[in-house]
Every structure is written in structure tokens, then in C-alpha cells.
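>>> sequence and predicted structure are below.
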Amino acid sequence: MRTEGDELEVLASRVLLPSEGETVELASRRPDQPVIELPAFAEDPRCAAGVPPRLGRRIDRFSALAYRAVSDLVAPLVMPASERVGVFFANTRAGWAYAEPQMKSMISRGPRVVHPYFVTAWFPTAATGEVTIGLGFRGCAKTTTGRLSGFAEALWLARDALERQAIGIAIVGAVESVVASFTMLDWPPGQGLPTAGAAEGAAVFAVRQRSVTDQRTNGVALRGLRYEDTDRTTAADRHWIPTLSIAAELANHIAQAPDVDRDVDVPLGGGYRVTVGYRGYRSWEAA
């Protein structure tokens, strides 16, 4: 049975981004710029606290960031049964930090030297799989892509699953990393590299459908998730990973919502928009 609604209650959000000025030097294949400083985590996320060492050895950087972010996200929450938790991630560029050296070994030394886990470790759905398996979530799970609209599509799918009552809580976000020389082939010589945003990170949210019987007086919600056939809503060409920048910006608006006395429309990329509001639920019902 579908219970349609236009409001998602935001239970928590978590953003993992490199600090300002934090970079990783990467050898690229660009003759005009053989070494690139990426705005990324100086410490490999796979070796960071919160990632089990055994897991860190067989996943990509973006999967490690997703695992850490979601672990932190759900730690303070009272979660429903595992079958009632869904995961919806946007990933536009996959993770090549694990795949690239494996592929080089396969080409130079043959397929027998490739780690068996290579088949799934780098694939765009890897972060979704690592989170659902590692943290025990057994609800529906999806991975979306799209340079501009990927995160909005993930949020749209999460809302659909909640309305269908397939899950009780949705974990939705963008998890990305371009820290691998292979990804630099996307920017040919002569084309300027991005100048804004991070080259890797995770921005995740725990949301649920707001019940009309919920009598709590305060809360942050996403309302009016919609598609508007308008001009591009983000400076995509300037950002390393637009979906990640968009999700992080939404988290910033959510954090500021209790201090803002009005609703704020936030562009999600690709023509999608959502309204961030902070009001008493009873006043919303009366509106």
C-alpha cells in the first residue's frame, strides 16, 4: 500500500570531506600537467579509524568513505529492523584507486595475479554493497549515476520506497572519489581542471516519511522534491564532483535550518529542487 507524502523527515546527516587545503598529489597522464594536486584526503580513507583493517584492504577509497559516514550517521539513531532500512547512493565516477593497479597487474602479469575481489570492489555499486553487507542492512538498495542529477535521483528513489512502505528509514547520499590517474583521462590536455569542490567524499542522510500522526513539535524536513525543466542548477564544469558538492550543500542547509525563519529552496542538479524547512509539525498540518 502506498502512502503518498511530500515531506521527508531528516533524522541525521553526515558529511566527510577533506579539510581546506588538504590535497593528494597524483601522477596524471596529461602532458601539460603531469602531477596534479587533488582536493582529497591526505590519509587513505581505507586506513582511517572506523574502517575494519580487513575490509580496508579489499575496497576502494569511496567505499571506505561511505562505510565510515554511514556508521557515524546511524550510531546515535534508533534503527528499525534491518529489513526496514534501505540504502540509496549516487556515484558518478566509480572508484578507480583499487581497480587501476589491479588492471595494470592483469595486463603485465596475467589474470591469475588479480585479487578475486577486484570484480566487485571498484564497481559503482560497491559502496552500496559494502554498507548494506558490512552494517547489516537488508532493505532495498539502489545506486544511481548522472553527473548532475545522480543525487536527486537517489533521493527520489528513497522517497518512492518510503511511500510504498517497503522500508521505514532510507539512507541516501552521494559517495565519490576520483583519486586515480585513470580518471584524469576525462580531462584532455588544454581543458582546464575543476576549481571547486572536493575530489572525494561522502554526504549521507537518514530520512523517513513524516507521519500525519507524529505530534513532535520540531524537525527538519525536505519538502516538495520536484523536477523543474529549467536551466542547469549547478556550476557543473567548475566542480570536481557535482553530485558530492550538491549533497554537501544540502547538508549545510539542513544544519542551518533551525536558525532560519523561512523555507529555503535548494537546487539538486539536473533541474531537480527540494525545499528545506524547519517548523513545528502541527503548524505544517495547519498550513
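Nice, thanks for sending it over. Owing to the predicted nature of the structure, the values given are computational and were not obtained by experimental measurement.

>>> in this protein, where is pLDDT below threshold?
Residues of the chain meeting the criterion pLDDT under 70: 211-218, 229-237, 279-287.

>>> that one: strands as residue ranges?
Using DSSP state E, the strands of the chain run over 7-16, 24-27, 35-38, 85-90, 141-144, 169-177, 200-209, 220-227, 264-269, 272-278.

>>> give me the number of residues near the closest residue to Ser71 other than its chain neighbours?
Closest residue in space to Ser71, ignoring its immediate chain neighbours: Gly50 at 5.9 Å, by C-beta to C-beta, 6 or more residues apart in numbering. All C-beta spots, glycine's among them, are computed from the backbone N, C-alpha and C. Gly50 is flanked by 12 other residues according to other C-beta atoms under 10 Å.

>>> how near is Gly50 to Tyr278?
30 Å (C-beta to C-beta, to the nearest Å).

>>> got it, and Gly21?
Gly21 is 32 Å from Tyr278, by C-beta to C-beta.

>>> tell me which of the strands of the chain sits most buried.
Comparing the strands of the chain by mean neighbour count (mean count of other C-beta atoms under 10 Å), strand 169-177 ranks first with a mean of 31.

>>> mind saving the C-alpha coords of that one as PDB?
In PDB, the C-alpha atoms belonging to strand 169-177 read as follows (Å, rounded to 0.1, in the frame of the first residue of the first chain):
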ATOM      1  CA  ILE A 169      14.200   4.500   7.100                       C
ATOM      2  CA  ALA A 170      16.200   5.400   4.000                       C
ATOM      3  CA  ILE A 171      20.000   6.200   4.000                       C
ATOM      4  CA  VAL A 172      20.600   8.300   0.900                       C
ATOM      5  CA  GLY A 173      23.600  10.300  -0.300                       C
ATOM      6  CA  ALA A 174      26.500  10.800  -2.700                       C
ATOM      7  CA  VAL A 175      29.800   8.900  -2.300                       C
ATOM      8  CA  GLU A 176      32.600   9.600  -4.700                       C
ATOM      9  CA  SER A 177      36.400   9.500  -5.300                       C
END
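
>>> let's have the strands of the chain in CSV, adding distance to Arg61.
CSV is the format used below for those (distance: least, C-beta to C-beta, whole Å):
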stretch, distance to Arg61
strand 7-16, 11
strand 24-27, 10
strand 35-38, 11
strand 85-90, 14
strand 141-144, 16
strand 169-177, 4
strand 200-209, 6
strand 220-227, 28
strand 264-269, 23
strand 272-278, 27
